[in-house]
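S.K.: return atomic coordinates for the entry below.
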Amino acid sequence: MDLLPLTLTAALLLLAAPPPATADDPGLAVYWGRHKEEGSLREACDTGRYTTVIITFYNVFGYGRYSLDISGHPLTTVGADIKHCQSKGITVLLAIGGQGGGYSLPTNASAADVADNLWNAYLGGHRVGVLLPATTRCSYPDHRLEKALATGLFARIHVRMFGDEQCTMSPRYSWEKWAAAYPGSKVYIGLVASWEQDSAWMFQKDLYYEMLQFVRSLPNYGGLAIYDRYYDKKANYTGEG
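M.R.: Numbering: from 1, shown residues only. Alright, predicted model coming up:
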């Protein structure tokens, strides 16, 4: 398997209809690998919707154990699908951590071992340069990641705009704190694709009028990060490609 970059994880009806949430966005990322029914990685890339696909999750590591959980998708096809996606100009990332508790980095040595496994098992052991994003909680700051983000190594920050009551009340201002704090990183708006997933789901018109019309002009606005491919396919949140 040859993975390229990785990753640590109501408008008034009288108003003119806004463009689709994905229109004019520089980037549209989607999380893939949580549901077998979502279809293959190749199928996700062939929709023409996404500029980035994030494979979820590399969630067992530490103490000599390493494992990738993609919810029943056949591992034997993923390598070829990644190359297919890359041939279309789509960035493929690997989410590290995520759901489950089968991972830890108790020592510097264990962190080095995980880095070695990622480098040799997923990056081919020879590539130069790694794109390093981080997925943060919406409330600023996220103390779990403060030291890591302070290094300035993270090219992208995906701010998860769900699972946090504060963000439901003021999503735009919560997100803008992240954009202001990390001007050197591209900052994405992380969204659920369906009301079934979280109460913070945003109707397309609300997303446009409450957030996108204001933040798209910011120089480090990166785009949208949709969780996940299964629900995006089911709800057609990002629209047909």
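S.K.: helices of this structure, start to end?
M.R.: Applying DSSP state H to the chain gives helices spanning 41-46, 75-87, 108-121, 146-149, 165-169, 171-181, 204-207, 213-215, 229-235.
S.K.: now those as a markdown table including mean pLDDT, mean neighbour count and distance to residue 28?
M.R.: Bear in mind the C-beta positions are built from the backbone N, C-alpha and C, glycine included. A markdown table is the format used below for the helices of the chain (pLDDT from 0 to 100; neighbours: other CB atoms under 10 Å; distance: least, CB to CB, whole Å):
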| stretch | mean pLDDT | mean neighbour count | distance to residue 28 |
| --- | --- | --- | --- |
| helix 41-46 | 98 | 19 | 11 |
| helix 75-87 | 94 | 16 | 14 |
| helix 108-121 | 87 | 14 | 25 |
| helix 146-149 | 95 | 12 | 23 |
| helix 165-169 | 79 | 14 | 20 |
| helix 171-181 | 96 | 18 | 16 |
| helix 204-207 | 93 | 18 | 13 |
| helix 213-215 | 96 | 14 | 15 |
| helix 229-235 | 97 | 21 | 10 |
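S.K.: those into a markdown table, with extra columns for distance to residue 197?
M.R.: Converted to a markdown table, the helices of the chain look like this (distance: least, CB to CB, whole Å):
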| stretch | distance to residue 197 |
| --- | --- |
| helix 41-46 | 18 |
| helix 75-87 | 24 |
| helix 108-121 | 28 |
| helix 146-149 | 26 |
| helix 165-169 | 13 |
| helix 171-181 | 16 |
| helix 204-207 | 15 |
| helix 213-215 | 22 |
| helix 229-235 | 6 |
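S.K.: which of the ones you listed sits closest to residue 155?
M.R.: The closest of the helices of the chain to residue 155 is helix 146-149. By CB to CB, the value is 11.5 Å.
S.K.: helices and strands of this protein: which one bottoms out on pLDDT?
M.R.: helix 165-169 (a mean of 79; mean pLDDT, DSSP states H and E).
S.K.: against which helices or strands is that helix packed?
M.R.: If contacts are counted by 3 or more CB pairs under 8 Å, 6 or more residues apart in numbering; DSSP states H and E, helix 165-169 sits against helix 171-181.
S.K.: report the distance from the helix it packs on to the chain centre.
M.R.: Relative to its parent chain, helix 171-181 has a centroid offset of 17 Å by CA atoms, centre = their mean, to the nearest Å.
S.K.: show me what it is packed against.
M.R.: Using 3+ CB pairs under 8 Å, 6+ apart: helix 171-181 touches strand 156-160, helix 165-169, strand 186-192, helix 213-215.
S.K.: can you list these in a markdown table and add distance to residue 205?
M.R.: Output for these, formatted as a markdown table (distance: least, CB to CB, whole Å):
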| stretch | distance to residue 205 |
| --- | --- |
| strand 156-160 | 21 |
| helix 165-169 | 17 |
| strand 186-192 | 14 |
| helix 213-215 | 11 |
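S.K.: which of those sits closest to residue 207?
M.R.: Among these, the nearest to residue 207 by CB to CB is strand 186-192 (7.4 Å).
S.K.: strand partners of the closest one, parallel vs antiparallel please.
M.R.: Applying DSSP bridges, strand 186-192 is found paired with strand 156-160 (parallel), strand 221-227 (parallel).
S.K.: what's the most buried one of those?
M.R.: Per-stretch averages of neighbours, counted by mean count of other CB atoms under 10 Å, single out strand 156-160 among those, with a mean of 26.
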